[in-house]
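Q: model this:
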Amino acid sequence: MTEKDNVIRVAFGAPTEEVPSEEPLSNPKALLFEELIDTGVVGIYLVPEAEGVDLPRTLQGAPIVKLNFSYLYAPDDVFYNNVMVSQTLSFSGTFHECKIPWEAVVAFQFGENIYALGE
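A: Numbering: from 1, shown residues only. Next up, the predicted model:
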C-alpha cells in the first residue's frame, strides 16, 4: 500500500471451520416456551439451586424463583434452544444475564394460566 492508495485490502478466504447449524427444537419445554414467548411475557418458575442456573445472588437459596421473560424487555436478547433459555434481566436497576437449563424449569405462567411441567 502506498501513501496515495486509500484502499485497505483484506484477504477473505474460505472459513477454516464450518459453523454448525442450530438443531430444530425438540425439547417439550423449549417448544412450549417458543409458543408462549411469541405472544407476550412468560413467567418461568425454576429451582435456583439446579445445576447450571445462573441468577443474581439475591435469588439464590430460595426454593422456587419466578422470572419474567419477554421480547418486550430491553435488552431484547431472549435466547433458547433444546438445552436452556437465557435473557438479560434487570433486578433493582442492575442487569444480569440469567441462564436457565430446562431441567431447572418446573412451570410456565402466561397471563392467568400456569403450565406445570414434568421432567
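Q: drop to CA atoms for contacts and neighbour counts, all remaining ones
A: Noted.
Q: which other helices and strands contact the helix or strand of the chain with the lowest mean pLDDT?
A: Every helix and strand of the chain was ranked by mean pLDDT, DSSP states H and E. The lowest is strand 113-116, at a mean of 94. Judged by 3 or more Cα pairs under 8 Å, 6 or more residues apart in numbering; DSSP states H and E, strand 113-116 is in contact with strand 105-110.
Q: helices or strands up against the strand it packs on?
A: strand 42-46, strand 113-116.
Q: helix or strand for the spatially most central residue of the chain, which one?
A: By Cα atoms, centre = their mean, the mean C-alpha position of the chain lies nearest to Ser86, the distance being 2.0 Å. For Ser86, the element it lies in under DSSP states H and E is strand 84-91.
Q: which other helices and strands contact the helix or strand just after that strand?
A: Counting by DSSP H and E, the element after strand 84-91 in chain order, helix or strand, is strand 94-101. Using 3+ Cα pairs under 8 Å, 6+ apart, the elements in contact with strand 94-101 are strand 84-91.
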